[in-house]
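Novice: return atomic coordinates for the entry below.
(2 chains)
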Amino acid sequence: MEAWVSVELEDLAAQAIALSTSPPKTPLSLAGRMARWGVAIVVVYALIALLTPLLVAAGLLPDPSLGLQNPIYGPPSLAHWCGTDRLGRDVCVRTLAGSGVALQVVVVALVIALVIGVPLGMLSGYLGGWLDRGLVLLMDTLYTLPVLLLSVVLAFLLGRGLPNAAAALCVVYVPQYFRVVRNQTAQVKSELYIEAARSLGAGPLWILRRYLLRNVITSVPVLLTLNAADAVLVLGGLGFLGLGLPETVPEWGGDLQQALTAVPTGIWWTALYPGLAMFILVLGLSCLGEGLESWLSGSGQGQHSDA
Amino acid sequence: MSRHRALLRYLATRVALAPLMLWLIASLVFLLLRLAPGDPIDALLGTRAPAAAREALRAQLGLNRPLFEQYGHYLWQLLSGDLGSSLTNQEPVMGVIRDSLPASLELGSVALILAALLGLAVGFSGIARPEGRLDLAGRLYGIGTYALPPFWAAMAMQLLFAVWLGWLPVGGRFPATLLPPQGSGFYLLDSLLEGLRSGQWQQLGGTLRHLILPAGTLALLLSGIFANALRLNLHRTLDSDYVEAARSRGLSETRVVLRHALPNALLPVLTITGITVASLIGGALLIEITYSWPGIASRLQEAIGQRDYPLVQGIVVVISSLVVLVTVSVDLLVALIDPRISYD
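Specialist: Below is the predicted model of the structure:
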C-alpha cells in the first residue's frame, strides 16, 4: 500500500513537471491533472467504503472489531498484511473499514452545513439590516475560532455517536458557506435583472430561488471539496482526542490514539496505516478542490493559478 | 485623504467589534454548556448518587439558580478575571491556565518562527525558474504538509528520531533527572538565564532536546502555508510593472528579485501569520498531546476526560479570546503598514 502511494505521488510530480517544461495549449493543464488524480483517489476510497462491509459480510475479510483469536501486536505477516493491534484486531481491515466511516460522517456533516449555511446566507444577504449584521458578527466570530477547538467543545457536549460527530463537525463549516453565499447574494441582488424581476412583481422567495440561488451555488463545489478534506482531518483529530465516534467503530483517529501508547516500544504498523489512509484521502480531496478551483476560474490559465 | 478616513473608520470598527466578539464567545460557551443534553451532575456523580449529594453539588456549582442569574454571575466573574475553580481538585481555573500557558506559548512561538523560516525558504527556492522542478515541488509541498494529520506526523517523528535513532526524547518538556528551571515558566528563557548565572548549561540542553521534535513537527505542518503565500505573492510581484521597469533598466535578475520583488512579497506574509495562529492552535493541541507536552491542550484533554466543566469552559474561553485578540491585532498592523489595501 505504501509503495503504491509513493509511486502515485512520483507519477503526479513527474507528470506535473513534464507538463510544465512543455507548456500545453490545451485547457487541461496541471489543474486538470490534479483534479483527475483527486477524482481517482476519492473514487478508490468510495469503492473501498462500499466493498469492505460486503466482503466482511461474505466472510472474505475478518470482522474489523474482532480479534481475540489473533496474536496481540503481531507484526505484518501473510495472515495479517498490516499486522494486528493491541486487541489482536487486523489493522488492514480496520484501516479499510475506516474509509467508510470517515466518508459517511464527512458527507453527513457537510450536507447539514450546506442545508443550513446556504439558505441562511442568502436570506441574510438579501434582507440586510440588523438581522444581517447580527448574523455576520456571529458567523465571523465562529469563523475566527480554531476549527478543532470548536468541534472539540461540541463533541464534548454531545457525546459519542455518528450523528453527534457529524453535528460537531458541521458547526465549523456553516460559517464558511454563510460567508461566501451571503457576500455573493449581497453583490448580485443589486443587479439590473433582479431589479427587473422585482418591479414585475416577483416575491422575495421567488427571486431567491429563481435568480439568486443559481448565481450563488457555483461557488459551492470547490468549497465543499476543500471542506471535505479539512473535515477528514478534524474528524481524525476528534477521534485522536477520544471524542467523536464510539470506541468500537473503526475510525482512523481513534485507532491512532490507541497506537500512540505503543510507539515508544517501536511498534509502527498500528500507527502507519490508518494515518497513511487519512493522508492520502486528504491529499486526494485537496487536489480535487484545487484542481476544480483553477479549472472553474480557469480561462485556460490553469497552470498559473493555484491555491 | 479619503483613504486616511476610511482607514481610521476601519480601525475603529475593528477595535469596537473585538469586545463584542469576546462577549459572543463567552456567551456561546456558557449557553452551549448549559443547554447541551445531559446533566453535568449526572456526568460528575453518576445517575445513582444520593439525592442530597446531587443537590449539594448543584448548589455549589450554582446550577440551581435561574439561567439568567447564572449568566450574569458568570459574566461578572469573567470581567473580574475569575474563571471559577476546577471540580476535580478545587484549584482556581485561572491558576491552572497560568501554569500551563507558558509551555504552550513557548512551543507555539518557536514553531511559528521555524515554520516561517522553513516555509519562506521553500517558497523562495522555486523563484529562479517559475514552473520549474523546484517551483512545482514547492507547490506539492504546500498540499502535502496540509494533508498530513498532525498527530500522525508527530508519531512518525517519534518513531524515527526517538525510538529508532534514539537521538531525542520521545516526549515531555524536561528531563526527569533534572530540576526544571524556576522563573517565568518559559523554560527556554529561564534555563538560559540560569545558565548565564551559574555557568551550568544542562538545563538549557535538556530544554532544547525536548523542544526540537514537537516544535519541528509543528513547524513542518505550518511551513506549507508560508511557502504557498510567498510563492504566490512573488509570482504576482514579478509580473508587475515596477519589476518590469527595474528589469528594463538593466538591473541583474538577482538584484530585481532581492531588492525590488521580495520586500513587497513579504508583506502579505504578515497577514498569513495572523491567519495561521488559529490553525497553529488546532495543530498545537494535537501535537502537545502526542508528545505529552504539559501545555494548555494537555490540560484541556484531561479536563474533557474528567468532565470538569468549569475547567473546560475556562480554557476554551481563554484560548478563543487569545485567538480573537491576535487576529484583530494582526489586521490592525497590516492595515497600518500596507498602503495597497483600500477600505471602501
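
Novice: what's the longest helix in chain B?
Specialist: helix B:202-238 (DSSP state H).

Novice: what about that helix, distance to the chain center?
Specialist: Put simply, helix B:202-238 sits 13 Å off its chain's centre (CA atoms, centre = their mean, to the nearest Å).

Novice: secondary structure element for residue B:298?
Specialist: If you go by DSSP states H and E, residue B:298 is part of helix B:296-305.

Novice: hmm, back to that, buried ones in the longest helix of chain B?
Specialist: Going by neighbour count (16 or more other CB atoms under 10 Å in any protein chain shown), the buried part of helix B:202-238 is B:203-204, B:206-208, B:210-235, B:237-238. Using the backbone N, CA and C atoms, a C-beta is placed for each residue, glycine as well.

Novice: end to end, how far does stretch A:79-96 reach?
Specialist: Start and end residues of stretch A:79-96 are separated by 16 Å (CA to CA, to the nearest Å).

Novice: and chain B, is that stretch touching that?
Specialist: No - Stretch A:79-96 does not reach chain B (CB under 8 Å from any CB of the partner chain); its nearest approach is 12.3 Å.

Novice: list the buried residues of that stretch.
Specialist: Buried positions in stretch A:79-96, judged by neighbour count with 16+ other CB under 10 Å: A:80, A:82-85, A:88-96.

Novice: same deal with stretch B:183-201?
Specialist: B:185-195.

Novice: and what of stretch B:286-297?
Specialist: Buried positions in stretch B:286-297, judged by neighbour count with 16+ other CB under 10 Å: B:286-291, B:293-297.

Novice: which regions of the stretch 151-300 of chain A sit below the pLDDT cut-off?
Specialist: Scanning the stretch 151-300 of chain A for pLDDT under 70 picks out A:298-300.

Novice: who in it is up against chain B?
Specialist: Contact residues (CB under 8 Å from any CB) of the stretch 151-300 of chain A with chain B: A:152-154, A:156-159, A:229, A:233, A:236-237, A:240-243, A:252-253, A:256-257, A:259-260, A:263-266, A:268, A:271-272, A:274-276, A:278-280, A:282-283, A:286-287, A:290.

Novice: how far away is the residue sitting nearest the centre point of chain A from chain B?
Specialist: The centroid of chain A falls nearest to residue A:228 when counting by CA atoms, centre = their mean (1.7 Å). Residue A:228 sits at a distance of 12 Å from chain B (criterion: CB to the nearest CB, to the nearest Å).

Novice: that residue against residue A:106, yeah?
Specialist: Yes - counting by CB atoms under 8 Å, residue A:228 does reach residue A:106; the two are 5.4 Å apart.

Novice: quick check: the residue of chain A nearest chain B.
Specialist: residue A:275 (3.1 Å; CB to the nearest CB).

Novice: past the longest helix of chain B, which element shows up next along the chain?
Specialist: Immediately after helix B:202-238, counting by DSSP H and E, sits helix B:241-248.

Novice: in the helix or strand that comes right after that following helix, what's buried?
Specialist: Along the chain past helix B:241-248, the next helix or strand (assigned with DSSP H and E) turns out to be helix B:253-255. Buried residues in helix B:253-255, counted by 16+ other CB under 10 Å: none are found.

Novice: and helix B:253-255, what does it pack onto?
Specialist: Contacting helix B:253-255 under the criterion 3 or more CB pairs under 8 Å, 6 or more residues apart in numbering or on different chains; DSSP states H and E is no other helix or strand.

Novice: and the next helix or strand after that helix, average pLDDT?
Specialist: Downstream of helix B:253-255, the next assigned helix or strand under DSSP H and E is helix B:262-290. Helix B:262-290 shows an average pLDDT of 78 in the prediction.

Novice: I'd like the distance between residue B:224 and chain A.
Specialist: Counting by CB to the nearest CB, the gap between residue B:224 and chain A amounts to 10 Å.

Novice: hang on, that residue packs against residue B:144?
Specialist: Yes - between residue B:224 and residue B:144 there is a contact at 7.1 Å, judged by CB under 8 Å.

Novice: what helices and strands are in contact with the longest helix of chain B?
Specialist: Using 3+ CB pairs under 8 Å, 6+ apart, the elements in contact with helix B:202-238 are helix B:93-125, helix B:133-147, helix B:150-157, helix B:187-198, helix B:262-290.

Novice: one more pass at 10 Å, please.
Specialist: helix B:93-125, helix B:133-147, helix B:150-157, helix B:187-198, helix B:241-248, helix B:262-290 (3 or more CB pairs under 10 Å, 6 or more residues apart in numbering or on different chains; DSSP states H and E).

Novice: tell me which of these sits most buried.
Specialist: Each of those was scored by mean neighbour count; the highest is helix B:150-157, a mean of 25, by mean count of other CB atoms under 10 Å in any protein chain shown.

Novice: any part of that one near chain A?
Specialist: Yes - judged by CB under 10 Å from any CB of the partner chain, helix B:150-157 comes into contact with chain A through B:150-156.

Novice: and the next helix or strand past the top helix by length along chain A?
Specialist: Among the elements of type helix in chain A, defined by DSSP H, the one spanning the most residues is helix A:91-127. Next along the chain after helix A:91-127, taking DSSP H and E as the criterion, comes helix A:129-144.

Novice: now the angle from the helix or strand following that following helix to helix B:296-305?
Specialist: With elements assigned by DSSP H and E, the helix or strand that comes after helix A:129-144 is helix A:147-158. With axes from the mean of the first three to the mean of the last three CA atoms, to 10 degrees applied, the angle from helix A:147-158 to helix B:296-305 works out at 10 degrees.

Novice: same for helix A:147-158, what does it pack against?
Specialist: Applying 3+ CB pairs under 10 Å, 6+ apart, we find helix A:147-158 packed against helix A:162-188, helix A:220-240, helix B:2-35, helix B:262-290, helix B:296-305, helix B:309-337.

Novice: among those, which comes closest to residue B:111?
Specialist: Smallest distance to residue B:111 across these (CB to CB): 7.1 Å, for helix B:262-290.

Novice: please see if that closest one touches chain A.
Specialist: Yes - Helix B:262-290 reaches chain A (CB under 10 Å from any CB) through B:275, B:277-286, B:289-290.

Novice: the bottom helix or strand of chain B by mean pLDDT?
Specialist: Here the helix or strand of chain B ranked lowest by mean pLDDT, DSSP states H and E is helix B:40-45, holding a mean of 70.
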